[in-house]
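Colleague: model this:
(3 chains)
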Amino acid sequence: MLGAFSTNHLFYLLDGLLWTVVLSALAFVLGGIAGFFVMLARISRFRWLRRAALVYIQIVQGTPLLIQMFLLYFGLGVFGVAVPPLVAAGLGMMVYSSSYLGEIWRGAVESIAKTQFEAAECLGLTRWQALFDVILPQALKIATPPTVGFLVQLVKNTSLASVVGFLELTRAAQVINNSLFQPFLVFGVAALFYFCVCYPLSVWSRSLERKLNAGRR
Amino acid sequence: MPAAVKLTNVVKRFGILEVLKGVSFEINTGEVVALIGQSGSGKSTALRCINRLETIQDGTIEVCGHHVEDPKLDLRALRRDIGMVFQSYNLFPHMTVAQNIMLALRRVKNIRKDEAYEISRQVLAKVGLMEKIDNYPEQLSGGQQQRVAIARSLAMQPKVMLFDEVTSALDPKLTGEVLRVMEDLARGGMTMIVVTHEMGFAKRAANRIIYMHTGKVWETGGADILSNPQTPELREFMAEEL
Amino acid sequence: MQYQFDFGALVPYWQDFLTGALTTIEITLFSVIIGMGIGVACAIARRSNSTILRGIVGVYIETVRNTPFIVQIFFIFFGLSSIGFRLPIIAASVFAMVINVGAYTAEIVRAGMDSVHPSQIEAAEALGLSKLQIYRDIILLPAIERVYPSLSSQFILMMLSTSICSQISAEELTGVANNIQSNTFRSLETYFVVALLYIAITYLMRAAFFGLGLIAFPRRRRLGLGV
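Modeller: Okay, the predicted model is just below:
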């Protein structure tokens, strides 16, 4: 009844890991683009836009990612759109990423001294020119450590895509466990795979943070 | 000839605190005016209002034909005519000296890259820093950074230049080089409003001195008002400055 | 295709929603209190002189922080089941949460303790305070005060993570939602209501932490620093 954990199972898990990475990359890129606009909205001159973005962020950060995925999965379903699990999961993770990245990047932009903005505007630059030529290049350095740190959260959270049926690493592990019934081994190996992706990113984020603080006077 | 800068009964409040209580003065083209007073007298605020970094609640400000208090003012056009240098230099740290100067030339005046570089060389020569053209701000001393900031404003060929306590943050040894550049500019006929604590500079270079106290213009005159103050407040202020 | 929203179908289940929300709060409360204790202990261990202790605690923290919670809870629940320890579901949920919360808390508290300036400790030693007193009054309490906002945010995040316990059939808010929507076929309405309830719990927690902060940190209240 209890089969052995073979190399076939290992490859099945590795395949799941591949899809975990694919989903993470997709969520990061799409969520990053959306997050950039969220950041712009948060620093906008228009109060209504700032508030709208704030409400968006508070809703996304005030509900579990799992619920968000369910809402998207069932929500899109009832409107006649047949949603493959990858789309539901991808969309859910994109919304999730956009709110957190938007906030991280807003923090970085706002940490650039107001006087830099003033100096640029006094030279006659428009708000947009000041933002792109002066503020964003400086904010980029400050934003990098927390962004890499968030990437770790992102990879871990792709595990929830398993619940809507997407075949990434956690789902693959569940499938194998349902036939082998060796949870310690199967989920242990899955955890190890996650660790191998996340730990280097965590270490990198911390070293970036150290370098940034060392460079500051 | 119409005045280059004209303030009439300017009132400025921060919340309930009234910082400018009806300030009026006129500055003609080519004049160099030193704005002096204690911290809190409103001199820096008045300067910032001229450039619309702060908005006023009452009164009018006219600069080279622009009505600054008008909400429909073309801000970029105003800022093309006014150059401002700050206490904290505010150079862009991620750009070289040349790039700092070229940025506005290319973005605001649409000047080509090589032409803009040439202009940077010229203005840097004027402030005596041509050899630093490809350095980064962090490689320069405070005095050098401030001179680059002056060059950066100068490159835009402003009609009026505003200086907001530009030597206050500097090591005393470094103020000399910056003041020399400013005196050169004055001799060259630039219209300048200089908020400063440097009385020596005011005596040497200013055509007129305006002493501000508690948000009002308290006393004005030539350099002689520094040695012979008419009001007791200015007398006390000069005693403290020495 | 027009979808007819029918929130009315959910009304008979109002008690279930409430129970689910209370279970979520219950799990969170236990996990936060116990997890905080573990976190502080681990943070102290990470600063100890013993390389072995630092190493063991380090491995624990890094493992938990670099693996997903859902895998952790599956590992613990199904793993223990497979060797005969069939834990009650709520207990297993709290157990997994505590292990998770402990690791994150440890890092936050450690950062707080590291930020206490060594000169403070020197001054305390010069005054003759004992090691224990120094740890408690000069290092630990100021550290927690400093990282209080980070801790509050982390605990709210953990509350949201309790939704994952639904995957081992815990009857917290998400688990309840899954049941209700499978009975009523009103998935969109159910999850919408549940989302609102989670947001409500989030605000509740923020208010509670704010109040707690005012009581626990009178210095900040008097100085008007806010928590």
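
Colleague: Are stretch C:11-30 and chain A in contact anywhere?
Modeller: No - on the criterion C-beta under 8 Å from any C-beta of the partner chain, stretch C:11-30 is out of touch with chain A, staying 9.6 Å away. C-beta: built from backbone N, CA, C; applies to glycine.

Colleague: helices and strands of chain C: which one bottoms out on pLDDT?
Modeller: Least confident helix or strand of chain C, by mean pLDDT, DSSP states H and E, is helix C:218-223 with a mean of 69.

Colleague: same for the longest helix seen in chain C, what does it pack against?
Modeller: Ranked by residue count under DSSP state H, the longest helix found in chain C is helix C:14-46. For helix C:14-46, the packing partners by 3 or more C-beta pairs under 8 Å, 6 or more residues apart in numbering or on different chains; DSSP states H and E come out as helix C:51-65, helix C:89-114, helix C:141-161, helix C:173-184, helix C:187-216.

Colleague: okay, these in JSON lines with mean neighbour count next?
Modeller: JSON lines is the format used below for the helices and strands packed on helix C:14-46 (neighbours: other C-beta atoms under 10 Å in any protein chain shown):
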{"stretch": "helix C:51-65", "mean neighbour count": "15"}
{"stretch": "helix C:89-114", "mean neighbour count": "21"}
{"stretch": "helix C:141-161", "mean neighbour count": "19"}
{"stretch": "helix C:173-184", "mean neighbour count": "21"}
{"stretch": "helix C:187-216", "mean neighbour count": "17"}
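
Colleague: of all those, which lies closest to chain B?
Modeller: Closest to chain B of these, according to C-beta to the nearest C-beta: helix C:187-216, at 26.4 Å.

Colleague: Would the closest one count as contacting chain A?
Modeller: Yes - taking C-beta under 8 Å from any C-beta as the criterion, helix C:187-216 and chain A are in contact, through C:187, C:188, C:191, C:192, C:194, C:195, C:198, C:199, C:202, C:203.

Colleague: State the mean pLDDT of that helix.
Modeller: In this model, helix C:187-216 carries a mean pLDDT of 92.

Colleague: ok, and what's touching stretch C:130-146?
Modeller: C:40, C:44, C:109, C:112-113, C:115-116, C:120-121, C:124-125, C:129, C:151, C:216-217, C:219-220 (C-beta atoms under 8 Å, 6 or more residues apart in numbering or on different chains).

Colleague: got it, and stretch A:26-36?
Modeller: So stretch A:26-36 is contacted by A:90, A:93-102, A:105, A:151, A:154, A:158 (C-beta under 8 Å, 6+ apart).

Colleague: Name the nearest of those relative to residue C:48.
Modeller: Taking C-beta to C-beta as the measure, residue C:48 sits nearest to residue A:151 out of the contacts of stretch A:26-36, at 31.2 Å.

Colleague: quick revisit: distance to residue C:62 added to the residues of helix C:187-216 next to chain A, as TSV?
Modeller: Listed next are the residues of helix C:187-216 next to chain A as TSV, based on distance: C-beta to C-beta, whole Å:
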residue	distance to residue C:62
C:187	38
C:188	40
C:191	34
C:192	38
C:194	33
C:195	33
C:198	29
C:199	32
C:202	28
C:203	33
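
Colleague: Pick out the most distant pair among those residues.
Modeller: For the residues of helix C:187-216 next to chain A, with distances taken as C-beta to C-beta, the pair at the greatest spread is C:187 and C:203 (25.0 Å).

Colleague: in the longest helix out of those in chain A, what counts as buried?
Modeller: Counting by DSSP H, the longest helix found in chain A is helix A:7-42. For helix A:7-42, a neighbour-count test (16 or more other C-beta atoms under 10 Å in any protein chain shown) marks A:9, A:12-13, A:16-17, A:19-20, A:23-24, A:26-28, A:30-32, A:34-35, A:38-42 as buried.

Colleague: Might you list the low-confidence residue ranges for chain B?
Modeller: For chain B, the stretches flagged by pLDDT under 70 are B:1, B:242.

Colleague: for chain C, same thing?
Modeller: Low-confidence segments of chain C, defined by pLDDT under 70: C:1-3, C:220-227.

Colleague: Reduced to three states, what does the residue of chain B most remote from its centre come out as?
Modeller: No residue in chain B sits farther from the centre than residue B:114, which is 28.6 Å out by C-alpha atoms, centre = their mean. When classified by DSSP: H, G, I helix; E, B strand; the rest coil, residue B:114 comes out as helix.

Colleague: Quick check: the gap between it and residue C:117.
Modeller: Separation of residue B:114 from residue C:117 (C-beta to C-beta, to the nearest Å): 53 Å.

Colleague: Looking at the contacts of stretch A:26-36, which are in strands?
Modeller: Assignment to strands by DSSP state E places none of those there.

Colleague: Kindly identify which of those also come near chain C.
Modeller: residue A:158.

Colleague: ok, of the contacts of stretch A:26-36, which come out buried?
Modeller: Using 16+ other C-beta under 10 Å, the buried ones in the contacts of stretch A:26-36 are A:90, A:93-102, A:105, A:151, A:154, A:158.

Colleague: Mind naming the longest helix for chain B?
Modeller: Chain B, longest helix under DSSP H: helix B:172-187.

Colleague: And the contacts of it?
Modeller: Contacts of helix B:172-187 (C-beta under 8 Å, 6+ apart): B:32, B:126-128, B:141-144, B:146-147, B:150, B:154, B:161, B:163, B:166-167, B:170, B:192, B:194, B:198, B:200-201, B:204-206.

Colleague: Just the buried ones among those residues, please.
Modeller: B:32, B:126-127, B:142-144, B:146-147, B:150, B:154, B:161, B:163, B:166-167, B:170, B:192, B:194, B:198, B:201, B:205-206.

Colleague: Work out for me the element residue C:80 sits within.
Modeller: Following DSSP states H and E, one finds residue C:80 within helix C:69-82.

Colleague: and what of residue A:55?
Modeller: Applying DSSP H and E, one finds residue A:55 within helix A:47-61.

Colleague: Packing partners of that helix?
Modeller: Judged by 3+ C-beta pairs under 8 Å, 6+ apart, the packing partners of helix A:47-61 are helix A:7-42, helix A:85-111, helix C:187-216.

Colleague: Give the buried residues for that helix.
Modeller: A:53, A:56, A:57, A:59, A:60, A:61.

Colleague: ok, the second one to residue A:49 distance?
Modeller: When C-beta to C-beta is the yardstick, residue A:56 and residue A:49 sit 11 Å from each other.

Colleague: re earlier: quick check: the residue farthest from the centre of chain B vs residue B:105, distance?
Modeller: In terms of C-beta to C-beta, residue B:114 sits 11 Å off from residue B:105.

Colleague: Just to be sure, residue B:39 is in a helix?
Modeller: No - counting by three-state DSSP, residue B:39 falls outside a helix, being coil.

Colleague: And it, how far from residue B:82?
Modeller: Relative to residue B:82, residue B:39 is positioned 23 Å away (C-beta to C-beta).

Colleague: Looking at those two now, which is surrounded by more residues?
Modeller: Set side by side, residue B:39 and residue B:82 show more neighbours around residue B:82, with 25 against 10, by other C-beta atoms under 10 Å in any protein chain shown.

Colleague: correct me, but the more buried one touches residue B:163?
Modeller: No - look at residue B:82 against residue B:163 with C-beta atoms under 8 Å: they stay out of range, at 11.5 Å.

Colleague: what stretches of chain A score poorly on pLDDT?
Modeller: Along chain A, the parts satisfying pLDDT under 70 run over A:1-3, A:215-217.

Colleague: tell me the phi and psi of the residue in chain B that chain C sits nearest to?
Modeller: Nearest residue of chain B to chain C, counting by C-beta to the nearest C-beta: residue B:15, 17.6 Å away. Main-chain torsions, residue B:15, degrees, to the nearest 10: phi 70, psi -120.

Colleague: got the residues of chain B near chain A?
Modeller: With C-beta under 8 Å from any C-beta as the criterion, chain B comes near chain A at residues B:51, B:53, B:75-76, B:79-80, B:82-84, B:86, B:88, B:90-94, B:103-104, B:107-108, B:152-153, B:156.

Colleague: what does chain A have sitting close to chain B?
Modeller: In this structure, chain A approaches chain B at residues A:115-116, A:118-126, A:129, A:133-134, A:137-138, judged by C-beta under 8 Å from any C-beta.
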